[in-house]
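Colleague: Give the three-dimensional model of this entry:
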Amino acid sequence: MSHHKTFKKQVLPALITVLALPMGANSAFGATVLEEVVVTARKRQESIQDVPVAVTAITPGQLERGSITSSLDLGKLVPNVELHETAIGSESLSASIRGLSYDDIEKSIEPTVGVAIDGVFLASNSGGVFDFFDVESVEVLRGPQGTLFGRNTIGGVINVQRTEPTGEFGGKVEVTAGDESLTDVKGLFNMPLGDKGGLKIGFKDTQSDSHVYNTTLNDRRDFKDSQTVSVSVKYNFTENTAAVLTFDDYDHNTTAPDNVFVSASALGDGARASEADDWKTSPQLYPLTATLEGENTTLKLTHDGDNYQIKYIMGIMDYEEEVHESSWGTGMVFFPVDRNQEFKQTSHELQYISDLDGPMNFVAGIYTLEADSYITSGPVVPFTSYHSLSTTAVFGEMSYDLSDVWSMTVGARYTEEEKDLKSRSWIVGVGNADRLANSSDNLLNEGSPSFEDDNISYRVVLQREFEMGMAYVSYATGFRSGGFFNRGSTPSELAPFNSEEVESFEIGMRTNPTENSQLNITYFSADYSDKQTTVITDGNDPVCGKGTAENPAAQGVTCSFVRNAGEVSMDGIEIEAALMPTDALTLRAAIGTFSGDYDKFDYNGVDISDRARLLYAPELTGSLVAEYATEVAGGSLTITGALSYKDDVETQADWSTYNPATGPEVTIESFETFDLSATYLKEMGNGTLKLRAYGTDILEGGNRVGRRYDAGAFAWAELVPRRQIGVSVGYEF
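Modeller: Next up is the predicted model:
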């Protein structure tokens, strides 16, 4: 029986029967009612059950007791969310929500899912994989969030707030050891700065080996070598005015787990051998190494008035990235790539948040972002490019109580932006010297395109309260910015593409049938227009436009460009629920269904919508979490079991030429995971001792394919581990 049929016949009925929760419900030990969870999905603090947005919140208690340790793990619990890390970008998060996805690392192409840390929006997906050791709240918003969060949030937003300095002495440390020689040491310390301020220092050091055995080396390579240090200072100028300044320094070095080459040729023998061995091996000769090194600075100023709050947030991200790859899962040198990138973004956001006693409240603000990047890559397709972005937006959203039970919310955001690109590419064979020297000799192509756009995004919500909760209906729009593909090397690859837009209709219900239960249901329907489609083709494809009059042969192995090729219709249902049958047992579950198809996919005047597929859009996702707490040896012991399911997903391919009969395979098959952890907390001295044993995906050994990529001339698969066992020891004081 297939995984899909097993889930539908056995797991899905159990989920429907239990109807357990959005990760927003949390039970303290000994509690008899579900704890109220406060979120900031609308830039103000509200109970999650009062917010007319599809939002899932993971509480710090759930992070403490379960197996959700980083942003990558959110995809296990949140419906219609698919997350993975790309090997070609250290700490790079590829996110898909409700079928809206982006799976690349280029700074000139915008993500579909926004990531905000301490109120600062990440303009790129680099750095989107991060640890949850020091967080105050984690929220996942699904559906377009363009009104309050802005551009490139058409799929949704992952909104994370870290803790602020407490102004008191205290802290916590934790050491984890696990499979693949994992050691993870992290801690944070708080201390006062006079009677009006506080200092917080945090650190993290992670080391591990690869989960893939290399059959050429007869050994395992290193995997992670990552260090982060954070310093945060808070100062209270008055009782109502405070500032928090945070500086993060990070150095992430990844020797990616060896890939397997999956093209249908003799070079694919390594993949066939790896698959026969449960994907545990690879013959890759030279490793793929990726680094991300930089500094972030965040400043947040808040002033609380009698009936308002003013908030200013400044964020600066300044980092360098390197990627080196030359084997792509083969036992030889094949398509070497040496890529260096520099990136800097600076953003400012000013918010005015009302807190009026009357029927009306509102949020208004202005936002600016400047981002610049430089990339140089070679030697097979040698090029350099400079990319700059400037965007400004004004936004506002107002809620009005029409009566005791009816309310309405209306909001809009106006955005203007400009982009410029300067690109140079050289004829293959010249090598690195001319590229790095930016020489004019042997140029293949030179271009300086520009792009301008403006957009107005809307949201309208009608909400009605009733005895057990509330129901709402909403209409929202959002857009993902257009621009350029900065690694293009010909005029056709550098051609600008337009912004894409999404219109979303949503009906939701948030209820607490009893004090110990919660049931939230959301239906959504969306239309996707001018969809940006990344096309990676063989360099010999005439559409690439490669070659010169003297040398008409292809000037590279592959061709990369983006087009506004598609129109898509999609809809689905999301159910999140919780139940506390006893004061010791909490059950949670989430189910997401998704249906989406291309209505149009224009490829050089030919409609290929009948064979094109949406990327990373599982038709069914589900999770079931059981948490049991009891007293043991003077402390509390919590056992947490979490079962999750992901349906099949499709990955990158050129659908104009792709033939499923000849491959390469681009489908990642459905899979289930079962995580189990036991967390023991005991008061000791002036603090709390924490002991934790965990196992992720404990029912399956070996590895599985976590990401596939068809680059036209060749294809590879990235492998992720299955069963991982470890223990943690921590102390909080």
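
Colleague: What residues does the most centrally placed residue in the chain make contact with?
Modeller: Per CA atoms, centre = their mean, the C-alpha nearest to the average position across the chain is that of Ala95, at 4.1 Å. For Ala95, the contacting residues are 81-83, 101-102, 111-113, 115, 125, 128, 155, 158, taking CB atoms under 8 Å, 6 or more residues apart in numbering as the criterion. No exception for glycine: its C-beta is placed from N, CA and C like everyone else's.

Colleague: would you turn these into CSV with distance to Ala54, pLDDT and neighbour count?
Modeller: CSV is the format used below for the contacts of Ala95 (distance: CB to CB, whole Å; pLDDT from 0 to 100; neighbours: other CB atoms under 10 Å):
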residue, distance to Ala54, pLDDT, neighbour count
Val81, 11, 96, 27
Glu82, 16, 95, 25
Leu83, 17, 94, 23
Ser101, 17, 92, 21
Tyr102, 20, 89, 23
Pro111, 19, 92, 24
Thr112, 16, 94, 26
Val113, 13, 95, 29
Val115, 17, 95, 24
Asn125, 22, 89, 27
Gly128, 20, 90, 24
Gly155, 11, 94, 28
Ile158, 13, 96, 24
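
Colleague: So which of these sit within strands?
Modeller: The strands in this structure, assigned by DSSP state E, contain Val81, Glu82, Leu83, Ser101, Val113, Val115, Ile158 from the contacts of Ala95.

Colleague: separation between the third one and Asn214?
Modeller: Applying CB to CB, to the nearest Å, the value for Leu83 to Asn214 is 27 Å.

Colleague: Wait, Arg162 touches Ala116, no?
Modeller: No. In terms of CB atoms under 8 Å, Arg162 does not count as a neighbour of Ala116; the distance is 11.5 Å.

Colleague: Tell me where the stretch 251-400 of the chain has strands.
Modeller: Counting by DSSP state E, counting those that start in this stretch, the stretch 251-400 of the chain forms strands over residues 260-261, 281-282, 289-304, 308-325, 337-354, 360-379, 383-401, given from the N-terminal end onward.

Colleague: give me the beta-bridge partners of Gly483?
Modeller: When assigned by DSSP bridges, Gly483 has beta-bridge partners Phe497.

Colleague: Now do the contacts for it.
Modeller: Contacts here follow CB under 8 Å, 6+ apart; on that basis Gly483 touches Ser108, Ile109, Glu110, Leu389, Lys419, Leu421, Phe451, Pro496, Phe497.

Colleague: Dump these to JSON lines, plus pLDDT.
Modeller: As requested, the contacts of Gly483 are arranged in JSON lines below (pLDDT from 0 to 100):
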{"residue": "Ser108", "pLDDT": "89"}
{"residue": "Ile109", "pLDDT": "89"}
{"residue": "Glu110", "pLDDT": "91"}
{"residue": "Leu389", "pLDDT": "97"}
{"residue": "Lys419", "pLDDT": "96"}
{"residue": "Leu421", "pLDDT": "95"}
{"residue": "Phe451", "pLDDT": "95"}
{"residue": "Pro496", "pLDDT": "90"}
{"residue": "Phe497", "pLDDT": "92"}
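
Colleague: Is it correct that Leu74 falls within a helix?
Modeller: Yes. Leu74 sits within a helix when classified using DSSP: H, G, I helix; E, B strand; the rest coil.

Colleague: Let me know the pLDDT of it.
Modeller: Among the per-residue scores, Leu74 shows a pLDDT of 93.

Colleague: how much space between it and Lys531?
Modeller: Distance of Leu74 to Lys531, given as CB to CB: 25 Å.

Colleague: which non-adjacent residue is nearest Phe189?
Modeller: With CB to CB, 6 or more residues apart in numbering as the criterion, Phe189 has its nearest non-adjacent residue at 3.8 Å, and that residue is Gly171.

Colleague: burial count for the one you found?
Modeller: Other residues lying near Gly171 total 17 when counted by other CB atoms under 10 Å.

Colleague: That one contacts Leu188, correct?
Modeller: Yes. Using CB under 8 Å, Gly171 makes contact with Leu188 at a distance of 5.5 Å.

Colleague: Just the buried residues of the helix or strand where Leu681 lies, please?
Modeller: The secondary structure element spanning Leu681 is strand 671-684 (assigned by DSSP states H and E). For strand 671-684, burial by neighbour count (16 or more other CB atoms under 10 Å) applies to Phe671, Glu672, Thr673, Phe674, Asp675, Leu676, Ser677, Ala678, Thr679, Leu681.

Colleague: Return the set of residues that bridge with the fourth one.
Modeller: This means Phe674. Taking DSSP bridges, one finds Leu643 as the beta-bridge partners of Phe674.

Colleague: Nearest to Ser373, out of the ones in strands among the contacts of Ala95: which one, please.
Modeller: Looking at those and their distance to Ser373, the nearest is Val115, at 17.2 Å (CB to CB).

Colleague: Quick one: residues contacting that closest one.
Modeller: Each residue near Val115 by CB under 8 Å, 6+ apart is listed here: Ser71, Leu93, Ala95, Phe121, Leu122, Asn125, Gly128, Val157, Ile158, Val160.

Colleague: returning to what we had before: may I ask which two of the buried residues of strand 671-684 are separated the most?
Modeller: When the buried residues of strand 671-684 are compared pair by pair using CB to CB, the farthest-apart members prove to be Phe671 and Leu681, with a separation of 32.2 Å.

Colleague: Show the low-confidence segments of the chain, by residue range.
Modeller: Where the chain drops to pLDDT under 70, the residues are 1-33, 264, 428-439, 538-543, 545-558.
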